[in-house]
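Visitor: Test case, fold it:
(chains A and B)
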Amino acid sequence: MANRIDSLFVRLREAERKALVTYIVAGDRSLEATVPAMHQLVQSGADIIELGVPFSDPSAEGPVIQRGHERALANGASLRKILGMVAEFRRDDSETPVVLMGYVNPIERMGYEAFADAAREAGVDGMLTVDLPAEESASFARQLSEREMRNIFLLTPTTDDARARSIVDAASGFVYYVSLKGVTGAGHLDLESVSTNLNRFREMTELPICVGFGIKDGASARAVSEGGDGAVVGSLLVDAMGAAETDQAALEKIGALVAEIRQALDG
Amino acid sequence: MSASKTPFDFSSMPDARGHFGPYGGRFVSETLIHALDELDAMYQRLKDDPEFRAEFDRDLAYYVGRPSPLYHAERLSRENGGAQIWLKREDLNHTGAHKVNNTVGQALLAKHSGKTRVIAETGAGQHGVATATVAARLGLECAVFMGAEDVKRQSPNVYRMKLLGAEVIAVESGSKTLKDAMNEAMRDWVTNVDNTFYIIGTVAGPHPYPMLVRDFNSVIGREARKQSLEQFGQLPDALVACVGGGSNAIGLFHEFLGDEQVQIFGVEAGGDGVQTGRHAAPLSAGVPGVLHGNRTYLMEDEDGQIIETHSVSAGLDYPGVGPEHAWLKDIGRANYVAINDDEALAAFRKLTRTEGILPALESSHAVAYALKLAAEMTPEQNIVVNLSGRGDKDIFTIAAIDGIEV
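Guide: Model prediction:
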């Protein structure tokens, strides 16, 4: 079976549509809330589900996603339980790509090979391991590629050309352009720099480029994804998950946010 | 240097990407890579530059007050029996600990980088004070991240930092201790990298930090080696230093790594006892993993989440350890042992009463192990203990244990 991420981008390119990548932290609110939230994201127009794997020391995250990690860990979330959530999601959705985004230590603890087997079995399509840069990732990358899972890397405004080339060489599925300096959820967008950098990376790779960090609504999603292949929305959804009074209200809120962004991207 | 050296050149470590065998490296988000590359390039350019070296040496001599003495603790040695105990008096440095060796060095790098703001993480507050000190001297803006729990436990150091003009930011995330302060400092750095230099306080973190913090602290071992030859005519039989992140220990050990006959002991915080699980001894009871940008031994649960540590000494209360120590453990060049809270407290009292020296609780762990070790050796043998800091900051902790209000 072809990888779901690859198939998705083929379909989107044919339809000339942008990908909407949505991030939530697995186990946020409760262990049971995650799978319904994943389905809600898809129903509201998400193309890819990025599931944050909580870590005790999420040093690349801003306060919003940090708190999401803390809530999920307090609920007892773990890498193994999250693979169970993906498997449960797959019973009703065999098409939407699922990417796990997290830190390397929980994966190392499980063992690269054991993890890759279990992730493949559960229906994971790609990994974005925040603190495993390309030059440290060779052995993990081999385990993923042997199982047709994609290895997604970040590019940043400060990634120089030589380094960007080595990253896109190691990457598969898509690459994720971080449109801001700093941690997740920070600051303001500089659209001109986004466009300049996207053009720079475009010349290096055929891989789809999704843009994230700093997306607050439909308009900013549309603006940043202008020269790219999609938008990644994270802190906005995690904030909504954390703030809602009830699980039902959380589902409605993330559904509404995603629907608005979907409309802006397609409009 | 004299005396025999093993064929392995320990100064060749780490490799160009910061690896000490399987440990170290650079496990960070792409957002930090550029800043680390810049720092590495600048350090490579400056580290052998005669002018930079001279500037560093001048600061160590006239600002820090180096060389620190190697003191023969005669009465302590006599009462304890066995080997002679020599104390490397890092407690006599300006600001009261070895930490300033590194902050003076990194402040020079900050100055050369042209950045106007420095940040640091701190546990007990010693590194925060040492950073605030050099920032005041160079007129740099300074922010120190400190776990909210540690802010409560270490109020005298918090006030010292404020007097020095630093902003102290209480970190409320995670376990609200040193590891969380380090996460927060990394977040600040990646956000403000254009004007900010991150002064890491220990030999952990992503490459090049474990290397450059080691290099700046290696003055301890260079002096100790020379002083040993001058004062007792030979190399020490054993070195003992406490290990939290491990900067004072690597600072003492590094110069001696090639001297096979010198036994090396790193002393971790055993807390309530390693067997209780309530400790801060990753080399004694942890597993290899990845935290704060490097691969090393860690204290974690079966899901790979970092767990809380326990020690009477805030400076040793860290779930990881410098990657060079991890490697020295695996290759067998250094031995890592644990000393429990009660043993460290007993050593604190013993040294205070026999020599009139109040050791930091961190350093008391090293003293405690040295006393055990010395008892199994002969009076002709010599142990050099790194007295990494003074205990003035700890009198409130000791008083609380004694049930006394100060």
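Visitor: what's the nearest residue to A:Asp47 once chain neighbours are set aside in contact with, if anything?
Guide: Closest residue to A:Asp47 apart from its sequence neighbours, by CB to CB, 6 or more residues apart in numbering or on different chains: A:Ala19 at 4.6 Å. Heads up, the C-betas are built off the backbone N, CA and C, glycines and all. Applying CB atoms under 8 Å, 6 or more residues apart in numbering or on different chains to A:Ala19 gives the contacts A:8-9, A:12, A:47-48, A:174, A:208, A:210, A:229-231.
Visitor: For A:Ala19, give its distance to A:Gly214.
Guide: As judged by CB to CB, to the nearest Å, A:Ala19 and A:Gly214 stand 17 Å apart.
Visitor: In chain B, which residue sits closest to chain A?
Guide: Of all residues in chain B, B:Gly304 sits closest to chain A, at 3.1 Å by CB to the nearest CB.
Visitor: how many other residues sit next to that residue?
Guide: Number of residues near B:Gly304 (other CB atoms under 10 Å in any protein chain shown) recorded here: 25.
Visitor: Tell me which residues touch residue 76, please.
Guide: I went with chain A, as the question did not name one. A:Gly76 neighbours (CB under 8 Å, 6+ apart): A:27, A:31.
Visitor: that's the wrong chain, I wanted chain B
Guide: So B:Leu76 contacts B:85, B:350-351, B:354-355, B:371 (CB under 8 Å, 6+ apart).
Visitor: Which of those lies at the shortest distance from A:Glu88?
Guide: B:Leu371 (57.9 Å; CB to CB).
Visitor: didn't that closest one look like it was pressed against B:Phe348?
Guide: No. Contact status for B:Leu371 versus B:Phe348: not in contact, 11.5 Å apart, counting by CB atoms under 8 Å.
Visitor: The helix or strand in which A:Arg80 is found packs against which elements?
Guide: In this assignment (DSSP states H and E), A:Arg80 forms part of helix A:79-92. Applying 3 or more CB pairs under 8 Å, 6 or more residues apart in numbering or on different chains; DSSP states H and E, one finds that helix A:79-92 makes contact with helix A:34-43, strand A:48-52, strand A:98-102, helix A:104-110, helix A:112-122.
Visitor: can you rerun that using 6 Å?
Guide: Using 3 or more CB pairs under 6 Å, 6 or more residues apart in numbering or on different chains; DSSP states H and E, the elements in contact with helix A:79-92 are helix A:34-43, helix A:112-122.
Visitor: Format these as CSV; extra columns: mean neighbour count and distance to A:Leu132.
Guide: Shown next, in CSV, are the helices and strands packed on helix A:79-92 (neighbours: other CB atoms under 10 Å in any protein chain shown; distance: least, CB to CB, whole Å):
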stretch, mean neighbour count, distance to A:Leu132
helix A:34-43, 21, 23
helix A:112-122, 18, 10
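Visitor: Which among those is found nearest to A:Ser193?
Guide: Per CB to CB, nearest to A:Ser193 of these: helix A:34-43, 28.7 Å.
Visitor: what packs against that closest one?
Guide: Packing partners of helix A:34-43 (3+ CB pairs under 6 Å, 6+ apart): helix A:79-92, helix A:247-266.
Visitor: could I get the ones you listed as JSON lines with mean pLDDT?
Guide: Shown next, in JSON lines, are these (pLDDT from 0 to 100):
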{"stretch": "helix A:79-92", "mean pLDDT": "98"}
{"stretch": "helix A:247-266", "mean pLDDT": "97"}
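Visitor: For B:Val64, find the nearest of the ones you listed.
Guide: Closest among the helices and strands packed on helix A:34-43, using CB to CB: helix A:79-92, at 46.0 Å.
Visitor: how big is the angle separating that closest one from helix A:34-43?
Guide: Using axes from the mean of the first three to the mean of the last three CA atoms, to 10 degrees, the direction of helix A:79-92 lies 50 degrees away from that of helix A:34-43.
Visitor: Contacts for helix A:79-92, please.
Guide: Helix A:79-92 is contacted by residues A:26, A:34-35, A:38, A:53, A:98, A:106, A:110, A:118, A:122-124 when judged by CB atoms under 6 Å, 6 or more residues apart in numbering or on different chains.
Visitor: Repeat that for stretch B:224-237.
Guide: B:3, B:70, B:88, B:255, B:259, B:262, B:381-382, B:384.
Visitor: Give the buried residues for that stretch.
Guide: Residues of stretch B:224-237 classed as buried: B:224-225, B:227-228, B:232, B:235-237 (neighbour count, 16 or more other CB atoms under 10 Å in any protein chain shown).
Visitor: Can you add distance to B:Leu109, secondary structure and pLDDT and give these back as CSV?
Guide: Formatted as CSV, the buried residues of stretch B:224-237 follow (distance: CB to CB, whole Å; DSSP: H, G, I helix; E, B strand; the rest coil; pLDDT from 0 to 100):
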residue, distance to B:Leu109, secondary structure, pLDDT
B:Ala224, 25, helix, 98
B:Arg225, 26, helix, 98
B:Gln227, 28, helix, 98
B:Ser228, 30, helix, 98
B:Phe232, 36, helix, 98
B:Leu235, 32, coil, 98
B:Pro236, 31, coil, 98
B:Asp237, 36, coil, 98
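Visitor: Max pairwise distance over those residues: which two?
Guide: Top of the distance list for the buried residues of stretch B:224-237 (CB to CB): B:Gln227 and B:Asp237, 15.1 Å.
Visitor: Work out for me the element B:Ala344 sits within.
Guide: According to DSSP H and E, B:Ala344 maps onto helix B:341-355.
Visitor: got it, and A:Leu207?
Guide: Secondary structure from DSSP H and E places A:Leu207 outside every helix and strand.
Visitor: What confidence value was assigned to it?
Guide: A:Leu207 carries a pLDDT value of 97.
Visitor: Can you tell me the number of residues neighbouring it?
Guide: A:Leu207 has 19 neighbouring residues, counting by other CB under 10 Å.
Visitor: Contact partners for it?
Guide: Going by CB under 6 Å, 6+ apart, the list of residues near A:Leu207 reads A:171, A:174-175.
Visitor: Can you classify B:Ile119 as helix, strand or coil?
Guide: strand (DSSP: H, G, I helix; E, B strand; the rest coil).
Visitor: In contact with it, which residues are there?
Guide: B:143, B:185, B:188, B:196, B:198.
Visitor: how about a cut-off of 10 Å?
Guide: Neighbouring residues of B:Ile119 by CB atoms under 10 Å, 6 or more residues apart in numbering or on different chains: B:131, B:135, B:141-145, B:166-167, B:169, B:184-186, B:188-189, B:192, B:196-200.
Visitor: Can you say which of the residues you listed are buried?
Guide: Among the contacts of B:Ile119, those classed as buried by 16+ other CB under 10 Å are B:131, B:135, B:142-145, B:166, B:169, B:184-186, B:188-189, B:192, B:196-200.
Visitor: buried subset of the contacts of stretch B:224-237?
Guide: Buried among the contacts of stretch B:224-237 (16+ other CB under 10 Å): B:70, B:88, B:255, B:259, B:262, B:381-382, B:384.
Visitor: Filter those residues down to the ones in helices?
Guide: Judged by DSSP state H, the subset of those located in helices is empty.
Visitor: Quick check: the farthest pair among those?
Guide: Between any two of those (CB to CB), the greatest distance is 19.5 Å, for B:Glu255 and B:Gln381.
Visitor: Let's test this: what are the backbone torsions at B:Pro67?
Guide: Main-chain torsions, B:Pro67, degrees, to the nearest 10: phi -70, psi 150.
Visitor: nearest spatial neighbour of it, skipping sequence neighbours?
Guide: Spatial nearest neighbour of B:Pro67, excluding adjacent residues (CB to CB, 6+ apart): B:Glu223 at 4.5 Å.
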